[in-house]
Each structure stands twice: as C-alpha cells, then as structure tokens.
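Chemist: just coords:
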C-alpha cells in the first residue's frame, strides 16, 4: 500500500513562476488536505476536500488553488510564486468516517521560491 | 489566546529518562485528541489517539487528557534515541474531518534523546 504519495519531493521556483504539487492516495479516503509547515509555525491548513468535486478554503488559501476531480487525486496549484510561499507542503488524507483513524500524511514537498 | 498552545522546545533528555510533552487548548468543544510524531524531513504519523478525558497507554507511551483544565499530555517512559523527533498535538470537536471537524495542530515540540 503506497498510502499518500506526493511529487515532487523538492523544487526550486523563480518568483512569478507557477507549478502544481501532486498528491494521490490509494486508500479510498474521502477527505484530503493540504498543509504548509514553516519552521516554528506548525501546520497551517491551505485547502481541504470532503470528496470528489468538493473543495473548501482553510486558514491560508491565498496564492493557491486546488481541484478534486477524482477520489484519489488532490493537486495544489501555485500561481505567480512568491518568496512567502517557500515552505514544506504536506498532503494528508482521512477516511472521513472516524477521527481515531487519524490523518495519513505524505512525505512532503520542499519548495523554495527565489 | 491561540486555540492550541504547545511549547516548541527544544527538549533534550538522556536516554532512559521519562519525557513529558504537553498542550493546552481553549476550545471546550474539543473531544478528540491526538499525538503525531514527525521525524526530520518526514510527514507526521499518528502516534496516539484519545477520546474525551482519561488515560490511554500503548507500550512506552501514555496519553492523558484533562478536559477540566483543557490540558493534554504525552508521557514517554524509558526514552530512546529513536524517539528523537518533533511531537505535535492535534485536536478536533468532531468524529470526522471537514468543515468544523478539521484537526487543529499545535506547533510541535522538538525532542532529542541523547545516548
């Protein structure tokens, strides 16, 4: 079982460029999440989805977009990258049926914007 | 006051010590409490889960919830160098994610266990 797979693992972007961070899960989870993690700042929720075709904003959505066309995939789009978007991005999924199953996280994408 | 407060550390202890990690929270609606462990350059992984107040034990790990004080703890007995990681508390008012049920995370405490 692959769990939650994120690609790429590392990326350097120039200011103003765009990119898509890929996230796919093979556990048939309904709920999926995108977080960013900055040193000393904890995990901040960017966007989440409760199922295919349904997405909603989290705490820090500005500068990002998402889509959820299938249960498996939840890509995060960065438009016009800015240095403030330098961070480690984590995708997570949850069955949505019981909280005690917790979130399953991917291994992260380390993004630097220069 | 932030919803979830967690001392970021770092916390350094000798091998074999008992470690106490703590979080306080302000939202009395929180019912589900979790601890995640995050190794360097990895994603967080679920370590312990508790519902409402009380204790839960799993091997060397014990999770405690005191809802009257809005305080949760994670104890690690006989700590090992392999326990060196960042520990994040997380909590939610509901039994599932989405909308009001999304997990709220603490900032994490970095623990180092020295051989």
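Modeler: Cool, got the structure. Note that the coordinates shown come from a computational prediction; the quantities given were computed from them, not determined experimentally.
Chemist: rest of the way, CA atoms for contacts and neighbours
Modeler: OK.
Chemist: Contact residues of chain B facing chain A?
Modeler: B:8, B:32, B:34, B:41-46, B:49-50, B:94-98, B:105-108 (Cα under 8 Å from any Cα of the partner chain).
Chemist: so what's whichever residue of chain A sits closest to chain B closest to, chain neighbours aside?
Modeler: Nearest residue of chain A to chain B (Cα to the nearest Cα) works out as residue A:42 at 3.8 Å. Closest residue in space to residue A:42, ignoring its immediate chain neighbours: residue B:107 at 3.8 Å, by Cα to Cα, 6 or more residues apart in numbering or on different chains.
Chemist: Ignoring the adjacent residues along the chain, who's closest to the residue in chain B sticking out farthest from the centre?
Modeler: Outermost residue of chain B with respect to the C-alpha centroid, by Cα atoms, centre = their mean, is residue B:115; its distance is 23.0 Å. Spatially, and ignoring its direct neighbours in sequence, residue B:115 is nearest to residue B:15 (5.2 Å; Cα to Cα, 6+ apart).
Chemist: any low-confidence regions in the chain?
Modeler: Since no chain was named, I'll use chain A. For chain A, the stretches with pLDDT under 70 are A:1, A:96-101.
Chemist: My question was about chain B, not that one.
Modeler: Ranges of chain B meeting pLDDT under 70: B:1, B:95-101.
Chemist: returning to that earlier point: contact partners for the residue nearest to residue B:115?
Modeler: B:78, B:79, B:80, B:81, B:113, B:114, B:115 (Cα atoms under 8 Å, 6 or more residues apart in numbering or on different chains).
Chemist: Let's see that with 7 Å instead.
Modeler: B:79, B:80, B:81, B:113, B:114, B:115 (Cα atoms under 7 Å, 6 or more residues apart in numbering or on different chains).
Chemist: For it, give its distance to residue B:77.
Modeler: 10 Å (Cα to Cα, to the nearest Å).
Chemist: cool, and residue A:85?
Modeler: Counting by Cα to Cα, the gap from residue A:85 to residue B:77 is 39 Å.
Chemist: Once you drop chain neighbours, what's closest to the residue nearest to the spatial centre of chain A?
Modeler: The centre of chain A sits closest to residue A:34, judged by Cα atoms, centre = their mean, with a distance of 2.9 Å. Nearest non-adjacent residue to residue A:34, counting by Cα to Cα, 6+ apart: residue A:91, 4.6 Å away.
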